[in-house]
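> Pasting the sequence and the predicted model now:
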Amino acid sequence: MRQYDTGATRSSVEGKLNYIGFLDPRVEESYAKYMHKHRIQEDGKVRSADNWKKGMPQQDYIESSYRHYMDWWFGHIGLRTEEEMIEAVNALIFNAKGYLLGILTKEATVAKNATLDLPIVTMSGDVIDTRISTPVSTNIPPLQRKEE
């Protein structure tokens, strides 16, 4: 128990999460600026700040993460600007948070009414540029956690 000169008391901080220690306001502000910048959609409309919490297919997060990871790596070896590096790392954080939210909320790994754009492939293996959209099944069993 903590006791103050004023006579006030509070419970101990031992065993409690220390958000101030785990997080840095510069990083959080950079991420918030990234998220705010990306609220503007291709059609010019502004999406709500919590739009990402509605869920997206886990595959989208993985694919996007890898593209941004490559930008981060290129920056690490001096082939991207600092601004591009900041963008890439924030994008990785976004994808990781979205993926993690799906795990924590046990949401289906495929969004409702999701479609995959699939290339048309000939019998000889040639890829035709035209793509078709096909519905994706949302009947995916929940993730099974390994017992530790």
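Noted; the coordinates are in hand.
> Which element, helix or strand, includes the residue most central in space within the chain?
Residue closest to the mean C-alpha point of the chain, counted by C-alpha atoms, centre = their mean, is Asn95 at 2.0 Å. In the assignment (DSSP states H and E), Asn95 maps to helix 82-104.
> pLDDT averaged over that helix, what's the number?
Throughout helix 82-104, pLDDT has a mean value of 96.
> Stretch 65-75 now?
Stretch 65-75 carries an average pLDDT of 96.
> Report the buried residues of it.
Ser65, His68, Asp71, Trp72, Gly75 (16 or more other C-beta atoms under 10 Å). C-beta here means a position set from N, CA and C on the backbone, and glycine is covered the same way.
> Please verify my assumption that the first one contacts Gly98.
No - when contacts are counted by C-beta atoms under 8 Å, Ser65 is not listed as touching Gly98 (9.4 Å).
> Strands of this structure, residue ranges please.
With strands called from DSSP state E, the chain shows them at 2-3, 9-10, 115-121, 127-135.
> partners of the first one in the sheet?
Its sheet considered, strand 2-3 pairs with strand 9-10 (antiparallel) by DSSP bridges.
> How far does the strand it pairs with sit from its chain's centre?
Taking C-alpha atoms, centre = their mean, to the nearest Å, the mean C-alpha location of strand 9-10 is offset from the chain mean by 38 Å.
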